[in-house]
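Asks: Next one to model:
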Amino acid sequence: MEYEQIAVEAKDGIMTVRLDRPDRMNAYTFRMREEISDALDRADADDDVRVVVFTGSGRAFCAGADLEQGAATFDPAGHSVVTGEPEPAAEDFRDDGGKLVMRLFRSTKPLIAAVNGPAVGVGATMTLPMDIRIASEDARFGFVFARRGITPDGCSTWFLPKVVGIDRALEWCFTGRVFGAAEAHEARLVREVVPADELLDRAYAVARSIAERTPAVAVAVTRALLWGMQAEPDPWTAHRLESRALHWAGGSADAREGVVAFLEKRSPNFGLRVSSDLPEYLRSWPTE
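Replies: Numbering: from 1, shown residues only. Next up, the predicted model:
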């Protein structure tokens, strides 16, 4: 795919995906979702990519949905006009932000959000399935759906309470207010807040700590397990799936290398590849 609304660069094991509509504050479109999904497909297929960092061009991360259709922006009929597809029945309709979030959720590579400015609406919800969120002091967040007369998107009614707690999630969604990086940090929406000129350096430092020190396949399985257990009512499912994962991982070449390298006091050389060596049961998990 030729990218028009994002910019992608891969270097030293890290893919950077930059939302790239600075004249529109990186406002979200269907095209942007398609391009991000394509970039994630590339990252998953490229064993040289270990971590994906998301950020925005210009002064915003993502100002939310592009409102260029005016009053029809959120109308399913307007969706049909843009996509050229028939207007779906209510039971078949899937919100586009949710499609993006589910693709982010299925990533086999760790995702880091480097939030450089306003992240509002879908610009905020798209960060929720990312594994680590770091904000600049200029970042602003808003789950503003109620103020636009709509309900939350991007699977945020599942993700947001798990990240910040139900009471905070309700207050933010009820009021639709925009708040700063300090409040986001206090609520644990972001891991840390750094000066704007240090944001990407910090994100890349975290990315390198993953890319340079850990095995790709073990990290992919760990990501799937940690996210997948969020909906389980008790630890039994976790015990069964962790046991299955450890049964597979314990006999792997990476496990042998990890132990030997530790005993020999050297850096490990892990060889398993996400593109070909993920355990079969993980490959069979739902994709839609």
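Asks: Please tell me how far residue 196 sits from residue 138.
Replies: 5 Å (Cβ to Cβ, to the nearest Å). Backbone N, C-alpha and C define where each C-beta goes, glycine included.
Asks: so who does residue 38 touch?
Replies: The contact partners of residue 38, taken as Cβ atoms under 8 Å, 6 or more residues apart in numbering, are 1, 3.
Asks: Residue 196 and residue 138: which has the busier surroundings?
Replies: residue 138 (18 against 14; other Cβ atoms under 10 Å).
Asks: I'd guessed the more buried one sits against residue 195; true?
Replies: No - Residue 138 is not in contact with residue 195 according to Cβ atoms under 8 Å; the separation is 9.0 Å.
Asks: so what sits against both of residue 196 and residue 138?
Replies: residue 116.
Asks: Touching both of residue 138 and residue 195, which residues are there?
Replies: Common neighbours of residue 138 and residue 195 (Cβ under 8 Å, 6+ apart) do not exist.
Asks: Show me where the protein dips below the pLDDT cut-off.
Replies: Along the chain, the parts satisfying pLDDT under 70 run over 69-88, 90-92, 281-288.
Asks: just the helices in the chain please.
Replies: Residue ranges of the helices in the chain, as given by DSSP state H, are 30-45, 76-83, 96-105, 122-125, 156-164, 166-175, 181-186, 199-211, 216-228, 236-250, 253-263, 274-277, 280-283.
Asks: Kindly reformat the ones you listed as CSV containing distance to residue 60.
Replies: As requested, those are exported to CSV (distance: least, Cβ to Cβ, whole Å):
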stretch, distance to residue 60
helix 30-45, 13
helix 76-83, 22
helix 96-105, 17
helix 122-125, 8
helix 156-164, 19
helix 166-175, 19
helix 181-186, 14
helix 199-211, 13
helix 216-228, 27
helix 236-250, 38
helix 253-263, 40
helix 274-277, 32
helix 280-283, 35
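Asks: so which of these gets nearest residue 62?
Replies: helix 122-125 (2.9 Å; Cβ to Cβ).
Asks: what does the closest one rub up against?
Replies: 26, 28, 60-65, 97, 100-101, 141-143, 152-156, 159-160.
Asks: Give me the subset of those residues lying in strands.
Replies: 141, 142 (DSSP state E).
Asks: Of the contacts of helix 122-125, grab the buried ones for ChimeraX.
Replies: Command for ChimeraX that selects the buried part of those, burial taken from 16 or more other Cβ atoms under 10 Å:
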select :26,28,60,61,62,63,64,65,97,100,101,141,142,143,152,153,154,155,156,159,160
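Asks: Enumerate every residue touching the nearest residue to residue 273 once chain neighbours are set aside.
Replies: Closest residue to residue 273 apart from its sequence neighbours, by Cβ to Cβ, 6 or more residues apart in numbering: residue 47 at 4.5 Å. Taking Cβ under 8 Å, 6+ apart, we find residue 47 in contact with 216, 273, 274, 275.
Asks: quick one: the last one and residue 42 touch, right?
Replies: So that's residue 275. No - between residue 275 and residue 42 there is no contact, the gap being 11.3 Å when judged by Cβ under 8 Å.
Asks: These two: which is more packed in?
Replies: residue 42 (16 against 12).
Asks: gap between the more buried one and residue 49?
Replies: The separation that residue 42 has from residue 49, given Cβ to Cβ, amounts to 8 Å.
Asks: ok, now which ones touch the residue lying closest to residue 59 once chain neighbours are set aside?
Replies: Nearest residue to residue 59 in three dimensions, chain neighbours excluded: residue 117, at 4.8 Å (Cβ to Cβ, 6+ apart). If you count contacts by Cβ under 8 Å, 6+ apart, residue 117 has them with 25, 56, 58, 59, 60, 61, 136, 138, 139, 140.
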